[in-house]
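**Q** just to be clear, the model below is a prediction. Sequence and coordinates:
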Amino acid sequence: MNILVVEDEKKVADFIKRGLEDDDFQVSIAYNGEEGLNLALTGEFSLAILDVMLPKKDGLTVIKELREAGSNLPVLMLTARGTTEDIVSGLEAGADDYLPKPFAFAELLARVKALVRRSEWDHGAEILFADLRLDPVTHKVWRSGNEIELTAKEYGLLEYMVSNPNTELTRAMIAEHCWDNSFDSFTYVIDVYVSYLRKKVDRDYPTKLIHTVRRKGFMLRESLALPGFSDR
């Protein structure tokens with residue numbers, strides 16, 4: 001497994017590199033955003049670890065341009081800023097996960113392995129539910145034959161819901177599966193992303209698929225809302 005680390009702090013980059021290599025990963029390092037973007041677009045990597053504050057091109061710009069170029073390379077973003085707004089900004093830009101500095105290497109390694117594992121699983125037959133169709137290879141989504149544009153994180157959340165239809169999914173379950181997190185600050189992030197999905201998946205269709213289970217979480221079901229459920 002070849003990992004790309006884009007980090008301008010040499011001590012941090014070397015620390016990550018040594019730790020990953022001790023776990024049998026191969027590691028390439030870029031010390032600025034321009035070099036990192038070029039390597040990500042031209043190299044063969046299983047994952048990129050990308051700092052937000054970078055010279056020449058910041059991390060958010062790098063991930064946006066990477067996604068605009070059609071790359072599905074999993075990206076774990078690192079930043080010294082860990083507010084909910086910063087987390088949302090990183091995920092909206094196209095990151096797959098987000099780790100605030102300072103961090104324990106054990107947590108970084110666990111997140112790296114989870115993202116790589118998820119990427120390896122992310123292929124196979126199309127996933128169908130009601131009039132939704134998901135392609136795990138291209139991450140494209142259609143409803144009633146109409147393509148829906150989703151970010152990488154929106155796709156991951158929808159795929160999790162489609163893979164568990166008619167099941168109450170608590171915010172803790174969603175945080176742990178889609179973000180590898182269980183801490184309370186992700187409650188707001190999850191609600192934001194469910195809202196994004198509703199606007200794209202449900203807003204233009206009479207049958208709503210994404211329902212809120214009051215005081216619990218969310219459920220994907222092909223029916224009208226029932227007592228205790230809401231499609232808002």
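**A** Structure's in. What do you need?
**Q** need the strands for this structure, in chain order.
**A** Ranges of strands in the chain, per DSSP state E, are 2-6, 26-30, 47-51, 75-79, 97-100, 127-129, 132-135, 140-143, 146-148, 169-170, 210-213, 217-220, 229-230.
**Q** how near is the most centrally placed residue in the chain to Arg143?
**A** Nearest residue to the geometric centre of the chain (Cα atoms, centre = their mean): Asp96, 2.8 Å. Per Cβ to Cβ, to the nearest Å, Asp96 is found 23 Å from Arg143. For glycine as for every other residue, the C-beta is placed from the backbone atoms N, C-alpha and C.
**Q** check Ser89 too.
**A** 27 Å.
**Q** what do you get for Gly94?
**A** Remark: distance between Gly94 and Arg143 (Cβ to Cβ) = 22 Å.
**Q** who has more neighbours out of the two?
**A** Between Gly94 and Arg143, counted using other Cβ atoms under 10 Å, the more crowded position is Gly94 (22 against 18).
**Q** how close does the more buried one get to Val213?
**A** 29 Å.
**Q** which positions in the longest helix along the chain come out as buried?
**A** Ranked by residue count under DSSP state H, the longest helix found in the chain is helix 105-121. For helix 105-121, a neighbour-count test (16 or more other Cβ atoms under 10 Å) marks 108-109, 111-112, 114-116, 118 as buried.
**Q** what comes up buried for stretch 57-77?
**A** For stretch 57-77, by 16+ other Cβ under 10 Å, it's 57-63, 65-67, 71-77.
**Q** equivalent analysis for stretch 192-202, please.
**A** For stretch 192-202, by 16+ other Cβ under 10 Å, it's 193-194, 196-198, 200-202.
**Q** as a markdown table, those residues with pLDDT and distance to Glu176 would be great.
**A** Below are the buried residues of stretch 192-202 laid out as a markdown table (pLDDT from 0 to 100; distance: Cβ to Cβ, whole Å):
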| residue | pLDDT | distance to Glu176 |
| --- | --- | --- |
| Tyr193 | 91 | 15 |
| Val194 | 93 | 16 |
| Tyr196 | 93 | 20 |
| Leu197 | 94 | 18 |
| Arg198 | 94 | 22 |
| Lys200 | 95 | 24 |
| Val201 | 95 | 22 |
| Asp202 | 94 | 25 |
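**Q** can you tell me which of the residues you listed is nearest Leu157?
**A** Tyr193 (5.4 Å; Cβ to Cβ).
**Q** quick revisit: which residues are contacting the longest helix of the chain?
**A** Helix 105-121 has contacts (Cβ atoms under 8 Å, 6 or more residues apart in numbering) with 1, 3, 15-16, 19-20, 23, 25, 46-47, 49, 74, 76, 96-97, 99, 180.
**Q** ok, now stretch 33-46?
**A** Contact partners of stretch 33-46, identified using Cβ under 8 Å, 6+ apart, comprise 1-4, 6, 28, 30, 48, 50, 54-59, 61-62, 65-66, 69, 71, 73-74, 116, 119.
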